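J.: Predicted coordinates and the sequence they were generated for:
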Amino acid sequence: MKPIKRAALILGAASLLVTGLFVATNAYAANLLVNPGFESGNLSGWSCTGSGSGAVTTPVHSGSYALNGNATTSDTAQCTQTVTVQPNTAYTLSGWVRGSYVYIGVTGGASTWTPGASTYTKLSVPFTTTAGQTSIQVYLHGWYGTGAYQADDIALDGPGTTPTTPPVSPSVSPSVSKSPSTSPSPSKSPSTSPSPSQPPVTGLPKHALIGYAHASFANGSGYVRMADIPAAWDVIDLAFGEPTSVTSGDIRFNRCSAAECPNVESDAEFLAAIKAKQAQGKKVLISIGGQNGQVQLTTTAARDAFVNSVGAIIDRWGLDGLDIDFEGHSLYLNAGDSDFRNPTTPVVVNLISALKSLKARYGTKFVLTMAPETFFVQLGYQFYGGTSAGDNRAGSYLPVIHALRDALTILHVQDYNSGPIWGLDNQYHTMGGADFHIAMTDMLKAGFPVANTGQTFPGLRPDQIAIGVPAAVSAGNGYVANPVVQSAVTCLVNGSGCGGYTLRGGTSPALRGLMTWSINWDRYYNWEFQNAQRPYLNSLP
């Protein structure tokens with residue numbers, strides 16, 4: 001989910017360090033970056049965006065210079081540098097930053113951020129390169145519309161030319177997807193026009209608990225056998241099916257290897273456990289994508305390959321349906337593609353066609369869910385990628401959701417790994433409290449004008465909406481305690497305890513429930529999420 005959902009966050013990375021999985025030591029640590037402290041007095045070695053970004057003499061963390069990034073309403077003032085690295089090797093990226101919403105990370109990999117620092121604060125990102133990886137791009141940036149930030153003494157510590165011992169066992173390096181762009185110029189008042197479509201018979205409880213199971217990899221949370229997933233979970237998303245290449249459309253689901261997951265069950269046991277879950281009324285889906293599984297259906301051939309290969313996975317394991325977790329650059333909008341009701345960009349058009357084909361193939365009982373990030377949905381209130389300004393991925397899930405709204409079982413937007421998002425109250429909402437979940441979910445129910453296109457995205461039925469949250473502090477940025485999540489749901493369901501927020505979409509007694517990344521992380525933390533939220537959902541009317 002910016003993580004891939006498999007992202008363990010930085011605390012997850014710390015747990016791997018404790019277990020000895022990361023092997024780099026200070027004996028060979030060296031800063032591999034060029035001009036890491038900007039002491040050249042300029043941006044030599046770095047590629048930076050943002051008008052006014054450059055080296056400054058104050059405020060600095062050390063030395064004579066630091067970076068000043070000028071984040072505007074249309075630019076995050078991102079600076080990047082590409083570095084040669086060793087495969088299967090541990091590194092640590094770190095830096096001192098100050099300002100509002102400063103991010104540091106590795107493109108396509110681990111990252112972290114601070115929501116605001118008035119003095120220089122150190123951020124650190126441990127990660128391990130993959131087999132065959134020989135270069136990475138590191139980045140740091142601010143957030144749209146939040147003004148200047150400073151960064152100094154950026155370091156990428158690790159081996160230069162001497163290879164290190166590979167990790168004890170292959171592992172997915174923890175990563176958190178960063179939320180991309182925003183442009184704070186929303187339309188003034190949304191139109192509350194919920195969809196007239198009728199709720200289908202799904203076989204799901206009125207209020208469902210939905211979770212992702214790491215079926216194809218392990219990370220700091222460990223592997224959970226399908227038979228050991230408690231009955232509390234109503235929908236189990238198998239993470240992940242991934243393409244053979246970004247544009248092939250050929251999706252493969254490779255179960256975790258015994259080398260990576262020593263307690264992994266056999267294929268026969270896995271299949272039997274799926275059938276046992278289904279006999280209990282549970283739904284088991286294949287989730288496609290994640291942060292590392294970039295899927296771009298640029299051609300009709302890729303579309304057809306997607307339909308055939310996903311169908312083969314569903315048939316092989318007897319699954320109930322499909323979850324779309326396209327992140328990163330999987331979806332985008334070409335310049336001029338500004339009508340979400342009639343999209344023209346091939347990656348969007350072909351995905352819509354593919355999902356309609358799969359729905360038609362499997363019929364009315366086919367479960368279709370989607371797990372986009374806020375950037376691809378709610379950000380569309382402020383900025384739409386097809387209008388040829390800013391990031392062309394902004395709001396790019398909207399045409400897919402709209403085209404599939406009558407076939408869509410549940411939309412559970414990831415209310416985590418997100419920057420500030422403009423809500424229907426025309427205020428920024430940030431992670432860390434109930435109001436973020438309330439405001440983001442209210443947008444899905446009420447609907448909202450799409451940037452400055454003159455069009456309104458109609459709201460969904462409440463039974464199609466679930467709230468996506470991290471199961472634990474190690475599972476994703478934006479974790480809040482279970483009682484805080486419950487207070488947000490209570491507000492949305494019956495209108496009480498909403499704080500200062502007024503629901504534009506009205507109350508939603510039929511709100512479908514909660515999605516979390518992930519079942520594995522919940523098990524790691526002794527089922528705290530499940531044990532709190534299952535009884536709570538059961539108590540709702």
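T.: Everything's here; your move. Note that the structure is predicted; figures quoted are calculated from it, not measured.
J.: Would you mind listing where the protein has pLDDT under the threshold?
T.: 1-29, 73-74, 108-109, 160-201, 389 (pLDDT under 70).
J.: where do the helices sit along it?
T.: 9-18, 267-279, 300-317, 346-362, 398-403, 434-446, 482-494, 519-524, 528-539 (DSSP state H).
J.: Can you give me the buried ones in the last one?
T.: Residues of helix 528-539 classed as buried by neighbour count (16 or more other CB atoms under 10 Å): 528-530, 533-534, 536-537. Heads up, the C-betas are built off the backbone N, CA and C, glycines and all.
J.: got it, and the fourth one?
T.: Buried residues in helix 346-362, counting neighbours by 16+ other CB under 10 Å, are found at 346-355, 357-359, 362.
J.: From the chain's centroid, how far away is it?
T.: Between the centre of helix 346-362 and the centre of its chain there are 22 Å (CA atoms, centre = their mean, to the nearest Å).
J.: Repeat that for the fifth one.
T.: Here helix 398-403 is found 18 Å from its chain centre; the criterion is CA atoms, centre = their mean.
J.: what does that helix contact?
T.: Helix 398-403 has contacts (CB atoms under 8 Å, 6 or more residues apart in numbering) with 324, 331, 340-341, 343, 348, 351-352, 355-356, 370, 372, 376-377, 380, 384, 408, 411, 450, 457-458, 460.
J.: from those residues, which would you call buried?
T.: 324, 331, 340, 343, 348, 351-352, 355, 370, 372, 376-377, 380, 384, 408, 411, 450, 457-458, 460.
J.: From what I see, Ser62 and Lys122 are in contact.
T.: No. Look at Ser62 against Lys122 with CB atoms under 8 Å: they stay out of range, at 11.8 Å.
J.: OK, contacts around Ser64?
T.: Ser64 touches 39, 41, 57, counting by CB under 8 Å, 6+ apart.
J.: that older thread, in a markdown table, list the helices of the chain along with distance to Leu93.
T.: A markdown table is the format used below for the helices of the chain (distance: least, CB to CB, whole Å):
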| stretch | distance to Leu93 |
| --- | --- |
| helix 9-18 | 11 |
| helix 267-279 | 37 |
| helix 300-317 | 34 |
| helix 346-362 | 30 |
| helix 398-403 | 34 |
| helix 434-446 | 27 |
| helix 482-494 | 31 |
| helix 519-524 | 23 |
| helix 528-539 | 30 |
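J.: Out of those, the one nearest Ala71 is which?
T.: Nearest of these to Ala71, taken as CB to CB: helix 434-446 at 20.5 Å.
J.: helices or strands next to the closest one in the packing?
T.: strand 421-422, strand 428-429, strand 466-470, helix 482-494 (3 or more CB pairs under 8 Å, 6 or more residues apart in numbering; DSSP states H and E).
J.: so which of these is the most packed in?
T.: Stretch with highest mean neighbour count among the helices and strands packed on helix 434-446: strand 466-470 (a mean of 27; mean count of other CB atoms under 10 Å).
J.: Can you work out which other helices and strands pack against that strand?
T.: Against strand 466-470 (3+ CB pairs under 8 Å, 6+ apart) you get helix 434-446, helix 482-494, strand 513-517.
J.: Alpha carbons of that strand, as CSV, please.
T.: Extracted in CSV, the C-alpha atoms of strand 466-470 (Å, rounded to 0.1, in the frame of the first residue of the first chain):
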residue,chain,number,x,y,z
ALA,A,466,-14.0,0.8,4.1
ILE,A,467,-11.2,2.7,5.9
GLY,A,468,-7.6,1.6,5.3
VAL,A,469,-5.3,1.9,8.3
PRO,A,470,-2.0,0.4,9.4
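J.: how many degrees apart are it and strand 513-517 in direction?
T.: Angle, strand 466-470 to strand 513-517, by axes from the mean of the first three to the mean of the last three CA atoms, to 10 degrees: 30 degrees.
J.: Tell me the gap between strand 466-470 and the middle of its chain.
T.: Using CA atoms, centre = their mean, the offset of strand 466-470 from its chain centre is 11 Å.
J.: do stretch 46-56 as well
T.: Distance, centroid of stretch 46-56 to centroid of chain: 28 Å (CA atoms, centre = their mean).
J.: That stretch: which residues count as buried?
T.: 46, 48-50, 53, 55-56.
J.: Other residues contacting it?
T.: 34-35, 38, 40-43, 65-72, 75-81, 148, 150.
J.: End to end on that stretch, go ahead and measure it.
T.: 15 Å (CA to CA, to the nearest Å).
J.: tally of neighbours for Asn219?
T.: For Asn219, the neighbour count with other CB atoms under 10 Å is 27.
J.: Quickly note the distance from it to Val85.
T.: For Asn219, the distance to Val85 (CB to CB, to the nearest Å) stands at 20 Å.
J.: Equivalent analysis for Glu39, please.
T.: 23 Å.
J.: tell me the contacts of Ser496?
T.: By CB under 8 Å, 6+ apart, the neighbours of Ser496 are Thr490.
J.: still on that earlier bit, narrow the contacts of stretch 46-56 to just the buried residues.
T.: 35, 38, 43, 65-72, 75-79, 81, 148, 150.
J.: Looking at these, which are in strands?
T.: Among the buried ones among the contacts of stretch 46-56, the residues falling in strands (DSSP state E) are 66-71, 79, 81, 148, 150.
J.: Quick check: Gln137 touching Val106?
T.: Yes. If you go by CB under 8 Å, Gln137 and Val106 touch, sitting 7.0 Å apart.
J.: Between these two, point out the one with more neighbours.
T.: More neighbours surround Val106 than the other of Gln137 and Val106, with 21 against 14 (other CB under 10 Å).
J.: hey, what's the nearest residue to that one once chain neighbours are set aside bridged with?
T.: Using CB to CB, 6 or more residues apart in numbering and skipping residues adjacent in sequence, the residue nearest Val106 is Ile136, 5.3 Å away. Here Ile136 sits in beta bridges with Val83, going by DSSP bridges.
J.: Could you check how far Ile136 is from Thr82?
T.: 7 Å.
J.: cool, Val125 as well?
T.: Distance from Val125 to Thr82, by CB to CB: 16 Å.
J.: neighbour count winner among the two?
T.: Val125 (24 against 13).
J.: Do I have it right that the more buried one meets Gly105?
T.: Yes. Contact criterion CB under 8 Å: Val125 and Gly105 qualify, at 5.8 Å.
J.: so what sits against both of the two?
T.: 93, 111-112.
J.: how about the nearest residue to Thr130, chain neighbours excluded?
T.: Once flanking residues are discounted, Thr130 sits nearest to Pro87: 6.6 Å by CB to CB, 6+ apart.
J.: and the one you found, how many neighbours?
T.: Pro87 - counted by other CB under 10 Å - has 14 other residues nearby.
J.: try Val307
T.: 21.
J.: Show the contacting residues for it.
T.: So Val307 contacts 354, 357-358, 361 (CB under 8 Å, 6+ apart).
J.: Would you mind measuring from Thr344 to Gly386?
T.: Counting by CB to CB - Thr344 and Gly386 are separated by 8 Å.
J.: Compare the two and say which one has the larger neighbour count.
T.: Using other CB under 10 Å, the more surrounded residue of Thr344 and Gly386 is Gly386, with 27 against 14.
J.: list the contacts for the residue nearest to Thr130?
T.: 129-134.
J.: hmm, which of the residues you listed are the buried ones?
T.: 129-130.
J.: Alright, calling it a day.
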